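J.: need the 3D shape of this:
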Amino acid sequence: MSYLTTHLDNCKLTLNNRLILPPMATSKSELNGEVSQGLLDYYDEKSQGGYLSLIIIEHSFVVPQGKASKGQLSAADDSMVEGLKKLANTIHKNGSKAIMQINHAGSATNKDITGGCGNVGPSPIVNPLIKQEVPKELSKEEIKEIIESFKDAARRVKNAGFDGVEIHSAHSYLLNQFYSPLTNKRTDEYGGDILGRIKIHLEIIKVVKEAVGEEFPVLLRLGACDYMEGGTTVEDSKIAALEFQKAGIDILDISGGLCGFVAPGHAREQGYFSEITQAIKEVVSIPVILTGGITEAPAAEELLALGKADLIGVGRAMLKDSLWAKKAIESLE
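T.: As a prediction, this is how the structure comes out:
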């Protein structure tokens, strides 16, 4: 029996196999963040045949101040919903489920990208991965406004017909900046120990669930480790993962923290975040996604067989070869 080709049912989201396309920025959206024909064509090609059970759309910004790059998708305005409906429908007609990821860049952006908005962060510390200017420290009132922007973006995702929404807290973006002690030096309730540093996450999860309802899947992408001295550790992530499960997260999507999407020193390994996903699986009962360096179907199969994860994300290999999923599934069947 193939582990990769078995279905997964976590009650809210039934998937016909364990293979997913993780979010990867394409920069194919219109300048204002609207869905472009190029973006529709890209996801049409990647989802052909429904061999990928789930496609997690690249990150979309929740407010203009949180835009990470030119050509990034937007979930920041109700006017975007019609285009997003076309995107969800494009993926659905090919037989895959579609999740949309929502994000705020925080200090990982600049005024040229945001249209004049200065970058912000939990503390006035330069982003160690995407070195921009020193960010303005967010006030509590501004934090509340950002939390509401995630809520509004999640509502738009549901209205557009997606199968779920994913909250982005990885790769040195804003929620990851709150998560890491290297970029979060706050002395109020949004800083300090791991429970303080995930307070904003828990508040976002709460309002997102209020906006979309209990039956709509909510995922969270966690930059679980920074791989830097004084940064986040596996033990931090185990505590956080359990809290996220208690708050109602349905699936955890594990990646890197301030280091980005590659694990330093492990980049040649198939599934180089597997030690982290295995550790997290030991403390939670919800499904865990593993991505990172997986380019071979037998490696994906083995990682599942060893209990390292519940779902396998294949990104760069799918970027290079849109038929990768078809070949992998057929070879295992």
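J.: what bridges to the closest residue to D9 other than its chain neighbours?
T.: In space, and not counting its chain neighbours, D9 is closest to L15: 7.6 Å by C-beta to C-beta, 6 or more residues apart in numbering. Glycine gets a C-beta too; all of them are placed from N, C-alpha and C. Counting by DSSP bridges, L15 is bridged to L8.
J.: what does the longest helix along the chain contact?
T.: Looking across the chain with DSSP state H, the single longest helix is helix 140-159. With contact meaning C-beta atoms under 8 Å, 6 or more residues apart in numbering, helix 140-159 is reached by 60, 62-63, 66, 75-76, 78, 80-81, 84, 100, 102, 104, 120, 138, 165, 167, 174, 188, 190, 200, 203-204, 207-208, 210-213, 216, 218.
J.: ok, stretch 2-15 next?
T.: With contact meaning C-beta under 8 Å, 6+ apart, stretch 2-15 is reached by 16-19, 53-54, 97, 163-164, 215-217, 250-251, 286-287, 297, 300-301, 304-305, 310-312, 328-329, 332-333.
J.: need the buried ones from the contacts of helix 140-159 selected in ChimeraX.
T.: In ChimeraX, a selection of the buried entries from the contacts of helix 140-159 looks like this (16 or more other C-beta atoms under 10 Å):
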select :60,62,63,66,75,76,80,81,84,100,102,104,120,138,165,167,174,190,200,203,204,207,208,211,212,216,218
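J.: in helices, which of the contacts of helix 140-159 fall?
T.: Among the contacts of helix 140-159, the members falling in helices are V81, L84, L174, I200, E203, I204, V207, V208, E210, A211, V212 (criterion: DSSP H).
J.: closest one of these to T26?
T.: Checking the ones in helices among the contacts of helix 140-159 against T26 by C-beta to C-beta gives L84 as the nearest, at 14.8 Å.
J.: wait, that closest one sits on V35?
T.: Yes. Shown here, L84 and V35 form a contact pair, counting by C-beta atoms under 8 Å, at 6.1 Å.
J.: related to what we said a few turns ago, need the ones in helices among the contacts of helix 140-159 in JSON lines with distance to A279, can you?
T.: Below are the ones in helices among the contacts of helix 140-159 laid out as JSON lines (distance: C-beta to C-beta, whole Å):
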{"residue": "V81", "distance to A279": "39"}
{"residue": "L84", "distance to A279": "35"}
{"residue": "L174", "distance to A279": "25"}
{"residue": "I200", "distance to A279": "23"}
{"residue": "E203", "distance to A279": "26"}
{"residue": "I204", "distance to A279": "24"}
{"residue": "V207", "distance to A279": "29"}
{"residue": "V208", "distance to A279": "26"}
{"residue": "E210", "distance to A279": "31"}
{"residue": "A211", "distance to A279": "31"}
{"residue": "V212", "distance to A279": "29"}
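J.: mind listing what I312 touches?
T.: By C-beta under 8 Å, 6+ apart, the contact set of I312 is L4, R18, L19, I20, G271, I289, L290, T291, I294, A300, L303, L304.
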